[in-house]
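**Q** no letters, just coordinates:
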């Protein structure tokens, strides 16, 4: 299947395991005129500008990117870049020169980039205070000119490489290393990257085809956002983006794990564990993890029971370490029950919208410490999953305990947060009820088959009111609080879509589930994999290379393909072949 091009203004050019990419995005919502080598160690930092030149002047040439190669120019005036590995970018050119210069022109004792010619290796070296790494430029062929070597203060620091045909290698490295020697010809580097990506896409989305035109690009968004173990990231991880949302948040990782599960099971399990690696002694998960920090001032919603129940079905052979997963989930659940419930209250509460993942949603507009129905619903599912896991491991007493707690929580949800027509939220300190037009208060649909029919039907009606031509608006468009780019006060988001679609399907509301799925997939095919989408226009908003959006597209597309007549035949054949006697 041919691999298409993508816009570098939307998706960076990168490689699995790499902590850097090539992009014009140099800070939050900030686009430079030129492409930059951008590192994600210690945050997002533009380290080197990559500027094509002709006759000593900046060349205004077209830029194109595929998963395997990035190209400036065309024909005999062309520069091509490809990753030779996670820490090495090879760049070859003809007809154009390339200026590789420090992005920051000022060097202080604590900030900026120092540049020198290394007499040991013969390479040029840029050292970055911001990333704590070195960027070594080895000229493999062509002519080279150094500008500003060993300069202090404010100065241009650059390598200019030119000639009829030339090639360089740029490495990100922490210290000394043997001189760079290419192991493969440049064309072979491009071919190897193409083969590696195709193998990944074939594993993750073997069902892709004409009905799923964005599946291959979704695979690239995930593939290119993988980083190697480094710093606080203790195992291979999918960042939420290699733009400015360059962290692993403690619910985002569930969606990338699910999308990877069938085709990349080991990597999928790493996505769950990379966050649980930082679970504290009270069971709480951090808000986020990245190379240089673990943030604990907030948490994220407990969707992990829901996620693990689906991972058990998707991972070949089930969970690789069910005992470990059970202990982790039990501790995470206990945190909510023991440390986030007012004494005597049946419900846990969020301390801020950030805890819910719906940072500025309207249930948090007036009071921040709120008992919301989504939290209770997630905990019911988590308790039910703990009961199932305990039973599978022979713990009948523990299974009964968790099941009883799930029943109590569900009864309390229906008694205390359902007013007969809708779910409400309550202020944690006073119990005062509040409700509005937020999709958050319809999230108990995730309970699916566990909902009483009357409650289910009311939720389905409520969800219909949120469904635009684009998808599920997080605030009803007629609400006075609705904002087209209002974060959780209007735009369509991937996680809410996936959770609600799954709940609708398990509740038997398949027609609405089909429409929710189809509209979200359509907006991804139109507007890419943005952090969220304008609920009325479908325009992509905020970070434009968001991996949980790509993961959601893959999850929903895979399930939609399985529901086609062909997919049902293949599923039936697979079931028969695995259950037939040998």
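**A** Perfect, thanks for sending it. None of the values given here were measured: they were computed from a predicted structure.
**Q** only C-alpha atoms for contact and neighbour calcs from this point on.
**A** Fine.
**Q** quick check: residue 36 touching residue 23?
**A** Yes: judged on CA atoms under 8 Å, residue 36 makes contact with residue 23 at a distance of 5.4 Å.
**Q** so what touches the helix or strand containing residue 84?
**A** Assigned by DSSP states H and E, residue 84 falls within strand 77-85. Contact partners of strand 77-85, identified using CA atoms under 8 Å, 6 or more residues apart in numbering, comprise 14-15, 18, 52, 68-73, 89-96, 189-190, 193.
**Q** among the residues you listed, which are located in strands?
**A** 52, 70, 71, 72, 73, 89, 90, 91, 92, 93, 94 (DSSP state E).
**Q** residue 169: which of the residues you listed is nearest?
**A** Top of the list for closeness to residue 169, among the ones in strands among the contacts of strand 77-85 and by CA to CA, is residue 90 at 4.5 Å.
**Q** helix, strand or coil: sort out residue 332 for me.
**A** The three-state assignment at residue 332 reads helix, by DSSP: H, G, I helix; E, B strand; the rest coil.
**Q** spit out the contact partners of it.
**A** By CA under 8 Å, 6+ apart, the contact list for residue 332 reads 282, 283, 284, 285, 302.
**Q** so what's residue 350 bridging to?
**A** Beta-bridge pairing of residue 350 under DSSP bridges involves residue 370.
**Q** how much space between it and residue 299?
**A** As defined by CA to CA, to the nearest Å, residue 350 lies at a distance of 9 Å from residue 299.
**Q** overlap in contacts of those two?
**A** residue 356.
**Q** is it fair to say residue 172 lies in a strand?
**A** Yes: Residue 172 forms part of a strand when assessed by three-state DSSP.
**Q** are any of the ones in strands among the contacts of strand 77-85 buried, and which?
**A** 52, 70, 71, 72, 73, 89, 90, 91, 92, 93, 94 (16 or more other CA atoms under 10 Å).
**Q** which one of those residues is nearest residue 318?
**A** Relative to residue 318, and with distances defined as CA to CA, the nearest of those is residue 89, at 37.5 Å.
**Q** next one: the closest one from residue 59, what distance?
**A** Taking CA to CA, one finds residue 89 at 21 Å from residue 59.
**Q** contacts only, for residue 358.
**A** 440, 488.
**Q** which SSE is it in?
**A** Short version, using DSSP H and E: residue 358 is in no helix or strand.
**Q** state the distance from it to residue 474.
**A** Here residue 358 is placed at a distance of 9 Å from residue 474 (CA to CA).
**Q** shared neighbours of those two, anything?
**A** 440, 488.
**Q** how about the strands in the stretch 251-400 of the chain?
**A** In the stretch 251-400 of the chain, the strands defined using DSSP state E, counting those that start in this stretch lie at 288-289, 294-295, 370-371.
**Q** so which of the ones you listed is the most packed in?
**A** Mean neighbour count (mean count of other CA atoms under 10 Å) peaks for strand 370-371 among those, with a mean of 28.
**Q** beta-bridge partners for the residue nearest to residue 52 when sequence neighbours are not counted, please?
**A** If the residues on either side of it in the chain are set aside, residue 52 comes closest to residue 98, at 4.5 Å by CA to CA, 6 or more residues apart in numbering. With DSSP bridges as the criterion, residue 98 is bridged to residue 52, residue 161.
**Q** what about residue 413, which SS state?
**A** Relying on three-state DSSP, one would call residue 413 helix.
**Q** for the stretch 201-350 of the chain, what spans make up the helices?
**A** With DSSP state H, counting those that start in this stretch applied, the stretch 201-350 of the chain shows helices at 215-224, 252-260, 265-276, 304-314, 322-339, listed in chain order.
**Q** repeat that for the stretch 451-582 of the chain.
**A** Under DSSP H, counting those that start in this stretch, the stretch 451-582 of the chain gives helices at 453-466, 494-506, 510-527, 547-562, 565-579.
**Q** can you flag the weakest of those helices by average pLDDT?
**A** Among the helices of the stretch 451-582 of the chain, helix 565-579 has the lowest mean pLDDT, at a mean of 55.
**Q** so where does residue 184 fall, helix or strand?
**A** Assignment of secondary structure by DSSP H and E places residue 184 within no helix or strand.
**Q** so for it, what's the pLDDT?
**A** In this model, residue 184 carries a pLDDT of 96.
**Q** what stretches of the stretch 101-250 of the chain score poorly on pLDDT?
**A** Within the stretch 101-250 of the chain, no range satisfies pLDDT under 70.
**Q** quick one: stretch 99-117 to chain centroid distance?
**A** With CA atoms, centre = their mean, to the nearest Å as the basis, stretch 99-117 stands 31 Å off its chain's centre.
**Q** repeat that for stretch 374-394.
**A** The answer for stretch 374-394 is 25 Å, by CA atoms, centre = their mean.
**Q** what residues sit buried inside it?
**A** 374-390.
**Q** among these, which are located in helices?
**A** Counting by DSSP state H, the buried residues of stretch 374-394 place 374-390 in helices.
**Q** what about residue 432, distance to residue 412?
**A** The spacing between residue 432 and residue 412, counted by CA to CA, is 16 Å.
**Q** who has more neighbours, the two?
**A** residue 412 (16 against 12; other CA atoms under 10 Å).
**Q** just to revisit the earlier point, the helices of the stretch 201-350 of the chain into TSV, with extra columns for distance to residue 470?
**A** As requested, the helices of the stretch 201-350 of the chain are exported to TSV (distance: least, CA to CA, whole Å):
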stretch	distance to residue 470
helix 215-224	18
helix 252-260	21
helix 265-276	29
helix 304-314	25
helix 322-339	34
